[in-house]
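1. Generate a structure from the sequence data that follows.
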Amino acid sequence: MDSSSFISAIVLLVLVTDPLGNIPLFVGLLRQVDPARRQRIIVREVLFAFAILVFFALFGQRVLKLMHLTDTSLGIAGGVILFLIALKMVFPHPEGRGADHPLHGEPFLVPLAIPFIAGPSAIATVLLLVSREPNRLWEWLGALSVAMAISAVVLGFAEKIADFLGEQVTMAFERLMGLVLTAIAIEMLLAGIQKFLLQVRVA
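-> Numbering: from 1, shown residues only. Just a heads-up that it's a prediction; the model follows:
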């Protein structure tokens, strides 16, 4: 196992699932829920998101082949998606993401598991990791497991973290993560374009 790339995968997956950025969303959406059930709901939603991402890790390659999509196109598309997500983290909407998801009662699968945790950027990242090095599938699943565990812990203490850090500090952390994710997205996009240009030259 390459420990550096394994840790890099964990960092990338934590960035795209964005547990810190999801804190105000989870706090807001679970405010009307009985406090005794909040932890169970968070664990359930994280497990749902984990199951969805594992599905794409295991069967995503087959789906891509059925759709005749190449690793190159996936790399470019993944870079674009991550870049757009990163921009939203650096320049958040004034009303917040939760404004687009009015909720009554207890949330189930949507919007907490999908798209807040297992969103397009997380799915694209998992597909990209597996498509680049499919022989390291179990390492990527291990990295995903660690990232989901981190999300579960952060979201489990969402209210305490929000109270301790405050809105301004939380927003500053999210923008910092968005900046890092922007650099990763550009690197991914450039790698995809470079691979495409090499294929064009060979052809």
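2. Got the phi and psi for residue 133?
-> When read as degrees, to the nearest 10, the backbone of residue 133 gives phi -140, psi 80.
3. which strands and helices sit next to the helix or strand of the chain with the lowest mean pLDDT?
-> Scoring the helices and strands of the chain by mean pLDDT, DSSP states H and E places helix 71-90 at the bottom, with a mean of 83. Here helix 71-90 touches helix 120-132, helix 158-202, going by 3 or more Cβ pairs under 8 Å, 6 or more residues apart in numbering; DSSP states H and E. Where you see a C-beta, it was placed from the backbone N, CA and C, and this is true even at glycine.
4. and residue 73, which of the ones you listed is closest to it?
-> For these, the distance to residue 73 is smallest for helix 158-202, at 7.7 Å, taking Cβ to Cβ.
5. Please work out the average pLDDT along the closest one.
-> If you average the pLDDT over helix 158-202, you get 86.
6. quick thing: my sequence starts at 16, can you match it?
-> Got it, the first residue is 16 from now on, which makes the last one we talked about helix 173-217.
7. List the buried residues of the least confident helix or strand of the chain.
-> Within helix 86-105, the residues that qualify as buried are 86-87, 89-94, 96-98, 100-101, 104, counting by 16 or more other Cβ atoms under 10 Å.
8. Which residues outside the helix or strand hosting residue 43 are in contact with it?
-> Residue 43 is part of helix 34-44, with elements assigned from DSSP states H and E. Helix 34-44 is contacted by residues 57, 104, 111-113, 116, 118, 122, 126-127, 131-132, 165-166, 169-170, 173-174, 176-177, 182, 185, 188-189, 192 when judged by Cβ atoms under 8 Å, 6 or more residues apart in numbering.
9. okay, the angle between it and helix 86-105?
-> Interaxial angle, helix 34-44 versus helix 86-105 (axes from the mean of the first three to the mean of the last three Cα atoms, to 10 degrees): 60 degrees.
10. gap between the next helix or strand after helix 34-44 and the chain center?
-> Moving toward the C-terminus from helix 34-44, the next helix or strand (DSSP H and E) is helix 50-81. In terms of Cα atoms, centre = their mean, to the nearest Å, the centre of helix 50-81 is found 11 Å from the chain centre.
11. From the contact counts, what lies against helix 50-81?
-> Where contact means 3+ Cβ pairs under 8 Å, 6+ apart, helix 50-81 is packed against helix 135-147, helix 152-171.
12. so which of these gets nearest residue 199?
-> Nearest to residue 199, of those and by Cβ to Cβ, is helix 135-147 at 9.2 Å.
13. Number of residues surrounding residue 40?
-> By other Cβ atoms under 10 Å, 20 other residues sit near residue 40.
14. If you could redo that for residue 39, that was the one I meant.
-> For residue 39, the neighbour count with other Cβ under 10 Å is 18.
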